[in-house]
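>>> Test case, fold it:
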Amino acid sequence: MVGTTLLAGGVILAILLVLGFIMNKSTSKTSYAAFYPSFLMVAVGLVLLLLATMTKVDIMGAGYGGWGIASLFAAAITMIVLSIIQTKPDTN
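This is a model prediction of the structure:
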């Protein structure tokens, strides 16, 4: 169960990073559009964690709680990486 959650988190992380990099390159540096997929994944993760308290469902070896944790993990790491990429070094 833990392995499935880590694997799902890694796959979601890779997808979010690719989407974030593409959106970062296609928008201006002052735009927050690159973070929108991560914001959506945070919402999905919170909904899945809420659903985990109501019922027991197993999807590909992990329950709703595992998928929620994987989604929140991937969104958090993606936001950290994108915020580091978007910072501009001082040119002074």
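>>> And for the helix or strand of the chain with the lowest mean pLDDT, what's in contact with it?
Every helix and strand in the chain was compared by mean pLDDT, DSSP states H and E; the lowest is strand 58-59, with a mean of 77. Strand 58-59 has contacts (Cβ atoms under 8 Å, 6 or more residues apart in numbering) with Trp67. Heads up, the C-betas are built off the backbone N, CA and C, glycines and all.
>>> Quick check: can you name the pairing partners of that strand and their directions?
strand 62-63 (antiparallel) (DSSP bridges).
>>> And the average pLDDT for the partner strand is what?
For strand 62-63, mean pLDDT rounds to 81.
>>> before we move on, what about stretch 74-87?
In this model, stretch 74-87 has a mean pLDDT of 91.
>>> In contact with the residue positioned nearest the centre of the chain, which residues are there?
In the chain, the residue lying closest to the centroid (Cα atoms, centre = their mean) is Ala75, at 2.1 Å. Contact analysis of Ala75 by Cβ under 8 Å, 6+ apart lists 16, 38-39, 41-42, 45.
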